[in-house]
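Chemist: can't give you the sequence, but here's the structure:
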C-alpha cells in the first residue's frame, strides 16, 4: 500500500496522473486524513469485517472511501504494528454481495509484526 501511495503521489506532483488515479488519490487522501483524526469518524462508517479478522488473526477494519457508487472503494486497515499506529492493508471495491463468501475474494497485504 505504501508503494501505491508513493506512486500516486509522484504522478500527482508530476502531472502524469490519469483521471481514475486522481480520483482514487484524492478520496484515499481524504479518508486517511479523517482516519488519522479519528478511526470512528462518522463519514468513514468504519466497522470490523469478522471474516477478514478471522483469516488474518487480528481485527481488520473497513472504512469507506466513497459510498452510493457502483464498486465503491473501501480501505482495509489494522491497528499496529506499534502503539497508536494504523496500517492500511488494502483498497478494494466493496464486495457486491456480503453473503456467500464475498470477503473470501479479498486479498490484503500482510502487516509486519513487532519483534
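Modeler: Ah, there it is. All figures in this text were calculated on a predicted structure; none of them were measured in a lab.

Chemist: Return, as residue ranges, the portions of the chain with sub-threshold pLDDT.
Modeler: 70, 96-101, 111-115 (pLDDT under 70).

Chemist: Kindly list the longest helix within it.
Modeler: If each helix of the chain is counted by residues according to DSSP state H, the longest one is helix 19-37.

Chemist: Which residues does it contact?
Modeler: Helix 19-37 is touched from outside by 5, 8-9, 11-12, 17, 41, 43-44, 46, 63-66, 73, 75, 77, 86, 88, 91, with contacts defined as CB atoms under 8 Å, 6 or more residues apart in numbering. All C-beta atoms are positioned from the backbone trio N, CA, C, and that covers glycine.

Chemist: Quick check: PyMOL command selecting the buried ones in those.
Modeler: One line in PyMOL is enough to select the buried members of the contacts of helix 19-37, burial here meaning 16 or more other CB atoms under 10 Å:
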select buried, resi 8+17+41+44+46+63+64+65+66+73+75+77+86+88+91
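
Chemist: Give the helix, strand or coil label for the residue sitting nearest the centre point of the chain.
Modeler: Residue closest to the mean C-alpha point of the chain, counted by CA atoms, centre = their mean, is residue 75 at 1.8 Å. Assigned with DSSP: H, G, I helix; E, B strand; the rest coil, residue 75 falls in the strand class.
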